Each structure stands twice: as C-alpha cells, then as structure tokens.
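[1] For reference, the sequence and a predicted model appear below.
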Amino acid sequence: MANLQVTTESKPVRLILILAAIIVLGLFLLLPLFAVFAEALRRGWEVFLASLTEDAALSAIKLTLLAAAISVPLNTLFGVSAAWLVTKYRFKGRAFLISLIDLPFAISPVIAGLVWVMIFGAKGWLPPETLTNLLAPAANLAAWAASSDRFGGLFEGLAAWLANPKIIFATPGIIIATVFITFPFVARELIPLMESQGSDQEEAAVTLGAGGWRIFWRITLPNIKWGLLYGVLLCNARAMGEFGAVSVVSGHIRGKTNTLPLHIEVLYNEYQFSAAFACATLLAFLALFTLGMKSLVEQLSGHSAAGKH
Amino acid sequence: MKTTLITTLLATSVLALTACKKSATPEAGKSALSLLNVSYDPTREFYVEINEAFKKQWIADNGGSLEIKQSHGGSGKQARSVIDGLEADVVTLALAGDIDVLNREAKLLPADWQAKLPDNSAPYTSTIVFVVRKGNPKALKDWGDLVNEGVQVITPNPKTSGGARWNYLAAWAWAEKAFDKDQNKVLDYITRLYKNVPVLDTGARGSTTTFAQRKIGDVFLSWENEAYLIEKEFPGETEVVYPSLSILAEPPVAVIETNTAKHGTTGAATAYLKFLYTDEAQNLAGKHFYRPRNKEIAKKFVDKLPSLPLVTVDADFGGWVNAQKTHFDDGGTFDKIYSAK
C-alpha cells in the first residue's frame, strides 16, 4: 500500500509543530489539573477526606447541588421552548429575542449579581418588607396549608419562608443568580441545530394530521436529543462552577451561603491550601465527567454534537 | 418521556421546599439561637476560638443551643453588604467609620452605638506595622524609607479596606510630624508612597496573599496581628518591623439592633459582645496578637506586642467622620494623590 503524501512540510517543521502543540496542551491543561490533585493530596489522604467531610464543605456541596438541581431543569424547559419558538416560527422581533437570550453571556458576572442586589436588596426596588407585604396572601394560604393535617408538614418550610422572604444573602438569591447565568446554555445549543434541521418533518406531520404535542414528542425531540443532552451538560457544569455572580449575592456566611467555588476561596484565604484544593478536585472531577459524557454523547449521536457555536 | 419530565419537576419542587425549610428563621424554638457575626478579614481565626468559648458559656448559663456563623471580607465591603440586607446580628469591623455608615445609610443601629460598650466599643486594639522579607534586605526601618527608589509597598485599597485606611492615616501622621505639618510636603510624601504600590487589593487578606504567597513587594503595611499570622504560616520568610510612630487602631463591635429585634437575638448578641471584655476573651485576643484592653492581661503579651508612640484618629484626625471626609470620600486626598499617579 503506497503512502499518500498529505503534507508538504518537511519533517523537522512537522515535528516542531507537533511538539509545540504538546507543550501548550501540557502547560495550559494538564499542568493545572495535575497541580490541583498534587496540592490536594500533599498532606495525605486523611486531610483530603477530612476537608471534604467537614460541615462547612458538606453544606457548600449541598448548596451547589441544590442550585444546579433547580437551575438545570428550569433552563432545559426554557431552552427547549425558546429554541422551538424562534426556529419553527417567523415573527416580528425574532432576532431581538435571540439576542436577548444571549444577554447573560454578554454581561459580566459581577453585574449579573449586582442587578439582583439592586432589585431585592434592603435598599433595592423590592426590599424584604415590600416583598413580605406582596406575598402576605400567599403566606396566609401557606400558613393555613401548613396548619391543616391534610398535607402533613409539606408546607411548613414554604410558610416560614413566605412569612419572612429573604432572597439576597440567602439560598433563593444564589439560585436566582445561577438560573440567570446559565439561562442561555441549552437554548444556544439547540437554536443552530434546529435551524439547520428546518421544519420539513414537522410540516409533513401536520399534513398527516398530528397535533402539536405529538409532533414535539415524536419528531422534534428525537431529532434534537443529543444536542439537548450536550446543552444540559454545559449548563450543569456552569451552574456548579459559577463564582462571580454568586459571590455578589452570597454574603459569604460560612456553612450557610457559601457554594463550593466560594468555599474554596475562603479556604485559600485561610491558608488551608490542601483543603482548598481538595474541594477543587470535586470541581475538577465535574469537569472530567462533563468531558467524558460529551465524548460519549458524540459517539452515540454518530456525529459531532459540538462545534456548532 | 413525559413521565420522566414530570418526575424531574416534582423532584425539583420537593428540593426547593426543603431548601426553603433550611433558610427559615431560627426563631421556631427560642432555645435554638443563631447569631451571624459579620467581620473583616484578619479576624477569622480569632473569632473561631471566641465563638467556641462563648458558646460553651452561653449554653451552660442558658441551656438550649447556639450557633454562631461568620462572614469575612474587606471591612467597607462587609458594611455595604449589611446595608444591602445581609442580616448581621453583630458587626465586628475594622473601624468606627464603617459602622457609622450603617446608621447613616440604613438606620440599622442608633447614632450613639459607640457609647454602648466600654472603651469606644473596641474590646481590643491593634496597630499598623511593617512586614519585610527575612533579613530586611532593603533596610526598611521607618515610614521615610518606604518612598525610596525601587521599593515596592503592598497595601490594600483604602476605598474598600479598613486596614488600608489605618495604613494611610499612620503614614500621614508620620509625615505631618516629619515635615512639621507642611501640607505640600505631606501630600508629596503620600503621593510618592502610593507610587511605590504595585497592586491595590480590596481587602487585607488579599494583600497578605499577594505579599506572602505570591511573593510580590518588599514591605507589607499590615495589621499587627496579621503580621504575626504570616510569621506563623510562612515560618522563616518574613520579619516584623516597628516604625518610629504608628496609629492606635480601634476595631469596634456593635449589635445591629434592627436585625436582632427581628431575630429575637438581642440578648444573646449583647452577651456575645460583652463576652469579648472578659479575661478569657482578652487572653484569646492577646494569643491572636490583638492588644488586649485589660491592662493586666496586656502586660503578659508586652514581649510580642511592644509599646510604641501611637497617634489616635480622635485626637489627630478629628474622629472617623472627619477623617473619612477629608481623606477617603470621593474627592478626598486619596483620590487626589492616586489620580496624580
């Protein structure tokens, strides 16, 4: 079998190019990853495990998971409906709507946090007192539901929160900031995909008498499922890793409003480098998991789900 | 597919409910109290020990349970967060000016808050010292040496950091004495000093990391307690230098009455701050390199925390309200000398 000559560069040039690529890859990707694990384990497994299981770390992990568990499904739902709307229909202001979806990508995370302080902060437009008054009917209803035996204790937490609604410097603020920051991920992944697929199949289904929901479940969803999964993965990675916006609305109360990235910063500032990097390994694992899932998705879908930006 | 979606949504709402349960107020059972202490950067380690000691005493006296949460950051930034709604039960900040703001901007506590506790509501004091590299290679002994050619000075941003404002005033006080109150010479000295500052971090702890961890700069203008903490964390790398003159820093504490009334924690919060004046807490203050107010206990720590001439904000700068207006508010001397850079 004859070798096909695909490059015209001489051997040394090729070698230098390959070497340069490997060095850059090693320096910018592998070295930091290695540093995280090396630093985390520098003082042994015991310190490593202890730093992951102490109360403040556990609470940070819980809060991070909670923020992701709420923002990812919400933004999946939103992303699919938004992508469906802007690609299957033509209407006035469509281009504007697409740019609006991109807004959280375009603005700095600090601003993304500060806007919520401006709105819900004690000096903001909807300070806690105003919110208490606004939510009073809902609070009464929830209090009634909590006191009646029929629903068990299901409404107690909701009633307590509605009676004294705190958003900024509490869990809801962190969730709101996370939802805002991760807003575009799913939609951004789906819009180009659905755009390129066009609506021929949907139109054919309509002529055969299928209803809206049936078209969505039987035609649209199977077509976009890999792109959707990829968008969800990216959305999740960002939801768990977000630092800037969450830092602004958190208040940094240890064991209460610190997410994992914020907890890492606190530990670092306390000279607890090993503990800080032990927690950082969790985020590194998340990144590796996301990468692994991404390549799995690409294999299963049979073509590259990435590269559509 | 439909059912999975519905299950996910259900699971999410249940999670959301449990989350709300967690953020519910701790008033449910009065015996389970929770205090939030919003403090500035260098006090982290000190309050961890204070909290343990106070908790033990409180539970022995009152029963029930008590939880004390901490939040740390640059003093000015922390004050801003409390104004924006961070529900602190007590604040333990770097300077009175940052607590005055809580009264002026948000009426969170009465204007005479500083008279509520002994010693200007400052249970411990500190001062500003120099931290230099081992062996003091640039021979930096006093404030005048800091403006030498090629000396890099590390200090945080006076707009956001309390410690940085004490640094600034200490340098100013030295210059006024050295140049016999010639305002032009003083301004020129301060301008040259800040020309030697390569990075302005937002908080004292950020500056510590810059100097000790990232090894930037020749001298770090630091809280005395932070200076010894660096010695402990980075043994054999730094030295503490006492200048000929420094400033008496009084980091004050106060109960945020509006919040404690809402939380039902006024009693516990007041007891917590009063606890800072007990012998046990004063000893802990000394252990963490704060200067105890109790003279007897302060004597025990005089080897480590020597006496030196200290100016005060009240006597030399007309109090914090004046100092803030003259030096740090928009258009103050800091803006002038820093934009002149």
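    Okay, I see it.

[2] Can you report how many residues lie near residue B:38?
    Around residue B:38 sit 27 other residues, with neighbours defined as other CB atoms under 10 Å in any protein chain shown. Where C-beta positions appear, they are placed from N, C-alpha and C, glycine not excepted.

[3] Is it correct that it is in contact with residue B:82?
    Yes - Residue B:38 is within contact range of residue B:82, at 5.7 Å (criterion: CB atoms under 8 Å).

[4] any shared contact partners between those two?
    B:88, B:91 (CB atoms under 8 Å, 6 or more residues apart in numbering or on different chains).

[5] domain ranges for chain B?
    Domain segmentation of chain B under automatic domain parsing yields B:28-125+B:250-300, B:128-248+B:309-339.

[6] can I get those in JSON lines with distance to chain A and mean pLDDT?
    Shown next, in JSON lines, are the domains of chain B (distance: least, CB to the nearest CB, whole Å; pLDDT from 0 to 100):
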{"stretch": "domain B:28-125+B:250-300", "distance to chain A": "4", "mean pLDDT": "92"}
{"stretch": "domain B:128-248+B:309-339", "distance to chain A": "5", "mean pLDDT": "92"}
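
[7] would a markdown table of those with distance to residue A:56 be doable?
    Listed next are those as a markdown table, based on distance: least, CB to CB, whole Å:
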| stretch | distance to residue A:56 |
| --- | --- |
| domain B:28-125+B:250-300 | 10 |
| domain B:128-248+B:309-339 | 17 |
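
[8] what mean pLDDT does stretch A:13-26 have?
    For stretch A:13-26, mean pLDDT is 92.

[9] quick one: contacts of it?
    A:7, A:9.

[10] go again using 10 Å as the cut-off
    Residues outside stretch A:13-26 that contact it (CB atoms under 10 Å, 6 or more residues apart in numbering or on different chains): A:7-9, A:30-31, A:34.

[11] Stretch A:290-306 near chain B at all?
    No - with CB under 10 Å from any CB of the partner chain as the criterion, chain B is not reached by stretch A:290-306; the gap is at least 16.9 Å.

[12] Tell me the buried residues in that stretch?
    Residues of stretch A:290-306 classed as buried by neighbour count (16 or more other CB atoms under 10 Å in any protein chain shown): A:290, A:293-294, A:297-298, A:305.

[13] How about stretch A:90-100?
    Neighbour count says stretch A:90-100 has residue A:98 buried, by 16+ other CB under 10 Å.

[14] In chain A, what residue comes closest to chain B?
    Closest contact between chain A and chain B, by CB to the nearest CB, is at residue A:157 (2.9 Å).

[15] Quick check: the gap between that residue and residue B:67.
    Separation of residue A:157 from residue B:67 (CB to CB, to the nearest Å): 18 Å.

[16] of the two, who's got more company?
    Counted by other CB under 10 Å, residue A:157 and residue B:67 do not tie: residue A:157 has more neighbours, with 20 against 14.

[17] Thought residue A:146 was touching the more buried one, still the case?
    Yes - the pair residue A:157 and residue A:146 passes the contact test of CB atoms under 10 Å, sitting 8.6 Å apart.

[18] all strands of the stretch 1-150 of chain B, in order?
    For the stretch 1-150 of chain B, applying DSSP state E, counting those that start in this stretch gives strands covering B:32-40, B:65-73, B:90-92, B:124-125, B:128-133.
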